[in-house]
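# can't give you the sequence, but here's the structure:
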């Protein structure tokens, strides 16, 4: 059962995860490290989140990762990532990776050879998107996202219905995902559960703290193990152990975690 925001309960949970020998702190980006914004490529992590992640990354045996549905190129842009970064990236819901030290895009493969290409999907979807105000198409490495953060509920429903019909007719085997004001399709089947397994293996983690705000983040929440900690941001059913309300509270949570982990290493 997910516990709602309570400073004492959160601190108790963070004290436990802070004691794990090798810790991975993995965050979804949109709605977790960054507030949701009308223009997806304008998203940036809150400065207070970034500051706490930097504190954590400076501690021994502590590793940071962003886990996102964004394609690797876009994820690198919105996270203001550099080749010297110590932050790992898992993009495209766990189909693409970048690790510090140069292990870049290690799982990036071409589209599925069966059926039509992503470029054909984009071309077919664009006229639908253009008919509705506030609806945008985000090309992705293995598919696309249809964003409706600036659209009316009526236009969102109509646009999603047309896109669903298009994909059902021409791309029936592609994976469908729904999130906050977004409908996504991908030729790859990986979810954020795959990212949890990959991060655990790569960093030899004994514990993972994962935080996310959307339906797709539940794939990751459901595979967390004893000794891990799931954090849900905002409303909705969740397998997370605790819940916070906003990205600002994620920053506060990370501050407690960094202090607890630092004190345990003194």
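Arrived safely. Predicted, not measured: the structure shown is a model, and the values here were computed from it. Residues are numbered from 1 along each chain as shown.

# the helices in the chain, which residues?
7-18, 47-57, 72-78, 118-130, 153-170, 192-203, 218-221, 247-264 (DSSP state H).

# okay if I get these as JSON lines plus mean pLDDT, distance to residue 33 and mean neighbour count?
Just so you know, the C-beta spots here come from the backbone N, C-alpha and C atoms, and that holds for glycine as well. Putting those into JSON lines (pLDDT from 0 to 100; distance: least, C-beta to C-beta, whole Å; neighbours: other C-beta atoms under 10 Å) gives the following:
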{"stretch": "helix 7-18", "mean pLDDT": "84", "distance to residue 33": "17", "mean neighbour count": "17"}
{"stretch": "helix 47-57", "mean pLDDT": "98", "distance to residue 33": "5", "mean neighbour count": "17"}
{"stretch": "helix 72-78", "mean pLDDT": "95", "distance to residue 33": "9", "mean neighbour count": "19"}
{"stretch": "helix 118-130", "mean pLDDT": "95", "distance to residue 33": "27", "mean neighbour count": "16"}
{"stretch": "helix 153-170", "mean pLDDT": "96", "distance to residue 33": "25", "mean neighbour count": "15"}
{"stretch": "helix 192-203", "mean pLDDT": "97", "distance to residue 33": "15", "mean neighbour count": "20"}
{"stretch": "helix 218-221", "mean pLDDT": "96", "distance to residue 33": "15", "mean neighbour count": "23"}
{"stretch": "helix 247-264", "mean pLDDT": "94", "distance to residue 33": "6", "mean neighbour count": "19"}
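
# contacts only, for residue 258.
52, 55, 56, 59 (C-beta atoms under 8 Å, 6 or more residues apart in numbering).

# which of these sits closest to residue 190?
Of all these, residue 190 sits closest to residue 56, with 26.0 Å by C-beta to C-beta.

# what about the residue nearest to residue 33 when sequence neighbours are not counted, distance to residue 90?
Take residue 33 and drop its neighbours on the chain: the residue closest to it by C-beta to C-beta, 6 or more residues apart in numbering is residue 45, 4.3 Å away. Plainly put, residue 45 is 16 Å away from residue 90 if you go by C-beta to C-beta, to the nearest Å.

# neighbour-wise, which of these two wins?
The neighbour count for residue 45 versus residue 90, taken as other C-beta atoms under 10 Å, is higher for residue 90 (29 against 22).
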